[in-house]
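In: Quick one: sequence and predicted model below, then my questions.
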Amino acid sequence: MERDHVSTNRQIWDEDAVNWIEAGERLWALETPEWGNWGVPEANVPLLPADMTGQQAIELGCGTGYVSGWMARRGAQVTAIDVSPRQLETARRLAAHHGAEITFIEGNAEDTGLPDGAFDFAISEYGAAIWCPPETWLREAWRVLRPGGQLVFLGNHPISLICSPLNGAPCDRALHRPYRDMWGADWTQVEIEPSGICFNLTTSDWMRLFAEIGFAVTGYQEVYAPDWAQGTRAAVPADWARDFPVEQVWHLAKSG
């Protein structure tokens, strides 16, 4: 892969930011979080502590900032970073509208420039979890967490990637890519709905990387589309996502 993923993804998210305003407004207004492309309820996929009072929390790749808003509502002091200035414009406006005091930073979640051990809790719903190389952003997350600090992230399940046709068409029930040595995919030149450069690993490679960096796995969830789901979201048909996991959630703790 030779393309600069940071500048490529920044440009794509800046250009697409207007299309995420409506979703951002809806999600900011929710009393109870919904997660992932299919809006799975927090009761089914719990990602946040119920009470975050006094915690220092960071969102890595915040987009329109609704996850940061949910953490602030639970009592956390929140910092949120994103590479897209246009997305941050929406995030700052919605934070002000909802009275949420959040520190927004325009920057790369792979190199935040924030102090070592500054946070108790880190999260990425998509964001860094799919748009940054795991070996880079996970090390940065480990660095900014305190010993015992938690990291939770939600991103595409590797099965959804290997079932995605090379031309960008919605995933189907055939295997289109090798699982072995998976790194992600460059979607910038595909025929159907081109987008950015995303990253993923095999399950064993995720586990190896966590151990190498110094994260202990405290939980793992595979997320399916709910029974009511219809149509296609993010190039994944609902009938496919009811039979195969479309997303995964890792719960980690910083060792040492």
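Out: Received it, and whenever you're ready, just let me know what you need. None of the values given here were measured: they were computed from a predicted structure.
In: residue boundaries of the helices in the chain?
Out: 5-16, 21-28, 66-73, 85-98, 128-131, 134-144, 158-162, 203-213, 238-243 (DSSP state H).
In: list the helices and strands the shortest one packs on?
Out: Helix 128-131 is packed against helix 134-144, strand 145-156, strand 197-199, with contacts defined by 3 or more C-beta pairs under 8 Å, 6 or more residues apart in numbering; DSSP states H and E. Where you see a C-beta, it was placed from the backbone N, CA and C, and this is true even at glycine.
In: Please apply the same query to the first one.
Out: Based on contacts counted as 3+ C-beta pairs under 8 Å, 6+ apart, the elements that helix 5-16 packs against are helix 85-98, strand 197-199.
In: Mind putting the ones you listed into TSV with mean pLDDT and distance to Ala211?
Out: Converted to TSV, the helices and strands packed on helix 5-16 look like this (pLDDT from 0 to 100; distance: least, C-beta to C-beta, whole Å):
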stretch	mean pLDDT	distance to Ala211
helix 85-98	98	33
strand 197-199	97	19
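In: Find me the pLDDT at the spatially most central residue of the chain, would you?
Out: Centrality entry for the chain: nearest residue to the mean C-alpha point is Tyr126, 1.7 Å, by C-alpha atoms, centre = their mean. Among the per-residue scores, Tyr126 holds a pLDDT of 96.
In: Show me what Ile81 bridges to in the sheet.
Out: Residues in a beta bridge with Ile81, per DSSP bridges, are Leu60, Ile105.
In: so how far is Pro49 from it?
Out: Per C-beta to C-beta, to the nearest Å, Ile81 is found 20 Å from Pro49.
In: Mind checking which of these two has more residues around it?
Out: Ile81 (24 against 17; other C-beta atoms under 10 Å).
In: Surely Pro141 and Leu151 touch.
Out: To be clear, residue 141 is Ala; Pro isn't right here. Yes: the pair Ala141 / Leu151 is scored as a contact, 5.2 Å apart, by C-beta atoms under 8 Å.
In: who's more crowded, the two?
Out: Between Ala141 and Leu151, counted using other C-beta under 10 Å, Ala141 has the larger neighbour count: 28 against 25.
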